[in-house]
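Q: predicted model and sequence below, questions to follow.
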2 protein chains.
Amino acid sequence: MDDRLAYVALGCLMEPGNRALGERVTALGPVDALHSLLAGDVSAEVSGAAVARLREHDPSNVAKVAIAHARRLGARLVTPADDEWPGQLGDLVRISQPNAPRIDRDTFPPLCLWVRGTSVPLNEAMQRAVSVVGARASTPYGEHVTSDLAYGLADRGWTVVSGGAYGIDTAAHRGAMAADGLTVAVLACGVDRPYPASNTGLFERIADQGLLISEWPPGTAPHKHRFLIRNRVIAALARGTVVVEASARSGALQTLRRARALDRSATAVPGPVTSAMSVGCHMLLREEGVRLVTGWADVLEEVGSIGADLAPLPRGPENDWDSLDPTSAQVLDAVPHRGGASAEHVAAVAGVSIREALRSLGLLRLRGFVVDRDGSYCLARR
Amino acid sequence: MDDRLAYVALGCLMEPGNRALGERVTALGPVDALHSLLAGDVSAEVSGAAVARLREHDPSNVAKVAIAHARRLGARLVTPADDEWPGQLGDLVRISQPNAPRIDRDTFPPLCLWVRGTSVPLNEAMQRAVSVVGARASTPYGEHVTSDLAYGLADRGWTVVSGGAYGIDTAAHRGAMAADGLTVAVLACGVDRPYPASNTGLFERIADQGLLISEWPPGTAPHKHRFLIRNRVIAALARGTVVVEASARSGALQTLRRARALDRSATAVPGPVTSAMSVGCHMLLREEGVRLVTGWADVLEEVGSIGADLAPLPRGPENDWDSLDPTSAQVLDAVPHRGGASAEHVAAVAGVSIREALRSLGLLRLRGFVVDRDGSYCLARR
């Protein structure tokens, strides 16, 4: 058994985030951690359900079935053993509170992520990402502000991260996709059965242009408690989280508090004080010292400065110029070193068709090599 | 010549707030300060216009004419020599910056105030006061929030202070008066010619139920620069200032910054990020660390705690129970020591008519002896 299989087997044993299991994996590595459990070294923190599963199923087989199932669905598996694993998830260990209730104790990083969508490596997609979250029962004001915000971020080459709910989550994905940017939905269920089902059209578009990711293997149902567990991943993946609209008890407030605990930028958009959907935002701004943002420019000011303090993100080999396909490398060479150029100009300089140039420029933009300023392509500062 | 006459004479010499004049008055007292000027000891800081006025007019006569004129208009004069002078205005000396442009240097306290309206002593009216300011070109949202805020403050026995402009100022006065509270308009012109003239109906109501006050003698025109000079008085009179709506360059921002420089509570109400009339508020909240408030309860939380840090306010003899008229003293005795009672109940216990009880309870409320909680009268904590 290799590390990847062991990660999946362990991931199938318990709900994600378990502190006891996470510490054991950190101490022993995934393979020996699994063997110790199979050998009966089962601490009190490992749930009864997990013990039953260990006794009744062959964990290695469970993992293999899950991986095969995912492959049939067109989903791939990413584990900490893979180059494209987003290393910033490791920060989640820091915010786990040993003696707190489960939801604040079991905040350990995911053991694996199931991914459906474009082939952009996950760590690259998450190198410059902002999470935009908020209420399901949003107002037209909140949706308008969210689309604008996500459009602006995506248009400047930032990945937008959110959940899959109606309201603010949906507006965030729509805004990012309208800018032809990369958008990522972090789900609390299998990537094959995104919830809510009536948002299927959106999920299909995200699978086409962006990424659907989940800690739970394909087929997992969206149980209510899973949304709060999932929120820590939304907070940890991005350099900052923005809450656009939230009622006083919205789950989005928890996501924002997680982001702050992780020393990431944590901001909120104000709204009319007469709107119940802004009460949660105003609470954060008034009582919790969260910083106010009015749009994408304010958010970038925050994550820009915060970003400089973050540990350097892991870079896989895919991150190098060498990894580009020949046409894309040719197109990249044709982008001027100073100022910008239109796609037509780049195509002419590179000696490729405009269609090829546009395809390559889109790829180069997603991978952070170039930025698109209103149709003028420039080299990204790296 | 007495101190009062000297204050008025000095006040008629120069635009209010002059630092050089203020320092001289502090050092010598008003009478000797005026004599020193008349004797030709005219420093460079005293303007040419003032020197001309000193030469061409008898300052004592100018003062007497102004006082007589005010009396004919039903206005009264309040100077630092009077018991009812609001001592907190003295804090304005602290924020004067010696080498700054005039507007930030000449922030000294007024030398006198002209007052038109109810006979409530000025220092009592200002003992528990909040300034509510904002844009002239307010939105329906801003006006709604302002009326609610002012109503809530006034209903809890707080005096509302503002300017006399359309928009937020007007909504503040209307809200306070709807709660039968005390409202104070601080004007940048004579109390006999409030500006804008088309707001005359409002000014008449304020003169009836509240107070119109000004540093400028009756007859003074509302020159544009006087509004910014006036703002320091709005900030200094109250324990805190709230900005409800303000564009990026609104004068209300200056008032709020003055309040903060004076160590008073400085707060702002957020609004839609899509509204130009909230841009100034969001600037204060985001860039200047101003605290967000969503309504009167938040404001009271701020001024409550700030209030405890303020120097004890001067208390004239009128502030004692002894100073009450016999009926009011009788009614006050009938208000229960624990919980509240209706006006009917109080009237029965006091043995006075319901009409007398209501009149006395209104007076007792304005003077801070009792509070009215939705028609239930309780003793105020003193």
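A: All right, it came through fine.
Q: and stretch A:135-149, is it in reach of chain B?
A: Yes. Stretch A:135-149 reaches chain B (CB under 8 Å from any CB of the partner chain) through A:Tyr141, A:His144, A:Val145. In short, each C-beta sits where N, CA and C put it, glycine included.
Q: in a helix, the first one, correct?
A: Think A:Tyr141. Yes. Using DSSP: H, G, I helix; E, B strand; the rest coil, the assignment for A:Tyr141 is a helix.
Q: quick check: it touching A:Gly271?
A: Yes. Applying CB atoms under 8 Å, one finds A:Tyr141 in contact with A:Gly271, separated by 6.2 Å.
Q: which one of the two is surrounded by more residues?
A: Using other CB atoms under 10 Å in any protein chain shown as the criterion, A:Tyr141 and A:Gly271 rank with A:Gly271 on top: 26 against 20.
Q: and chain A, which residues reach chain B?
A: Applying CB under 8 Å from any CB, one finds that chain A approaches chain B through A:141, A:144-145, A:269-274, A:278-279, A:282, A:285-286, A:291-295, A:298.
Q: put the buried members of the residues you listed into a ChimeraX selection.
A: Only the buried entries of the residues of chain A next to chain B go into this ChimeraX selection, using 16 or more other CB atoms under 10 Å in any protein chain shown:
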select /A:141,144,145,269,270,271,272,273,278,279,282,285,286,291,292,293,294,295,298
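Q: so A:Gly219 makes contact with A:Gly190?
A: Yes. Counting by CB under 8 Å, A:Gly219 does reach A:Gly190; the two are 4.9 Å apart.
Q: what residues are shared contacts of A:Tyr141 and A:Gly271?
A: The contact sets of A:Tyr141 and A:Gly271 overlap at A:Glu245, B:Pro272 (CB atoms under 8 Å, 6 or more residues apart in numbering or on different chains).
Q: can you pull out the strands in the stretch 1-150 of chain A?
A: Taking DSSP state E, counting those that start in this stretch as the criterion, the stretch 1-150 of chain A carries its strands at A:76-78, A:113-117, A:129-133.
Q: just name the most buried of those.
A: Mean neighbour count (mean count of other CB atoms under 10 Å in any protein chain shown) peaks for strand A:129-133 among these, with a mean of 30.
Q: which strands or helices does it pack on?
A: helix A:140-155, strand A:159-162, helix A:168-178, helix A:224-237, strand A:240-243, helix A:251-261 (3 or more CB pairs under 8 Å, 6 or more residues apart in numbering or on different chains; DSSP states H and E).
Q: need these in JSON lines (columns: mean pLDDT).
A: Shown next, in JSON lines, are those (pLDDT from 0 to 100):
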{"stretch": "helix A:140-155", "mean pLDDT": "97"}
{"stretch": "strand A:159-162", "mean pLDDT": "98"}
{"stretch": "helix A:168-178", "mean pLDDT": "98"}
{"stretch": "helix A:224-237", "mean pLDDT": "96"}
{"stretch": "strand A:240-243", "mean pLDDT": "98"}
{"stretch": "helix A:251-261", "mean pLDDT": "97"}
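Q: and of those, who's closest to B:Val42?
A: Of all these, it is helix A:140-155 that lies closest to B:Val42, at 58.7 Å by CB to CB.
Q: just the C-alphas of that closest one, formatted as CSV.
A: The C-alpha coordinates for helix A:140-155 follow below in CSV (Å, rounded to 0.1, in the frame of the first residue of the first chain):
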residue,chain,number,x,y,z
PRO,A,140,-30.5,41.6,-5.0
TYR,A,141,-28.0,44.1,-3.5
GLY,A,142,-25.8,41.4,-2.1
GLU,A,143,-25.9,39.4,-5.3
HIS,A,144,-25.0,42.5,-7.3
VAL,A,145,-22.1,43.4,-5.0
THR,A,146,-20.9,39.8,-5.0
SER,A,147,-20.9,39.5,-8.8
ASP,A,148,-19.0,42.7,-9.2
LEU,A,149,-16.5,41.7,-6.5
ALA,A,150,-15.9,38.2,-8.0
TYR,A,151,-15.7,39.6,-11.6
GLY,A,152,-13.1,42.2,-10.5
LEU,A,153,-11.0,39.6,-8.7
ALA,A,154,-11.2,37.0,-11.5
ASP,A,155,-10.5,39.7,-14.1
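Q: correct me, but A:Leu113 touches A:Glu215?
A: Yes. Taking contacts as CB under 8 Å, A:Leu113 lies within contact range of A:Glu215: 6.2 Å.
Q: anything in contact with each of the two?
A: Counting by CB under 8 Å, 6+ apart, no residue touches both A:Leu113 and A:Glu215.
Q: residues contacting the residue of the stretch 201-350 of chain A found nearest chain B?
A: Closest contact between the stretch 201-350 of chain A and chain B, by CB to the nearest CB, is at A:Pro270 (3.3 Å). Going by CB under 8 Å, 6+ apart, A:Pro270 touches A:278, A:281-282, A:285, A:292, A:294, B:270-271, B:273, B:278, B:282, B:285, B:292.
Q: can you redo these as TSV with pLDDT and secondary structure?
A: Below are the contacts of A:Pro270 laid out as TSV (pLDDT from 0 to 100; DSSP: H, G, I helix; E, B strand; the rest coil):
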residue	pLDDT	secondary structure
A:Ser278	97	helix
A:Cys281	98	helix
A:His282	98	helix
A:Leu285	97	helix
A:Leu292	98	strand
A:Thr294	97	coil
B:Pro270	98	coil
B:Gly271	98	coil
B:Val273	98	coil
B:Ser278	97	helix
B:His282	98	helix
B:Leu285	97	helix
B:Leu292	98	strand
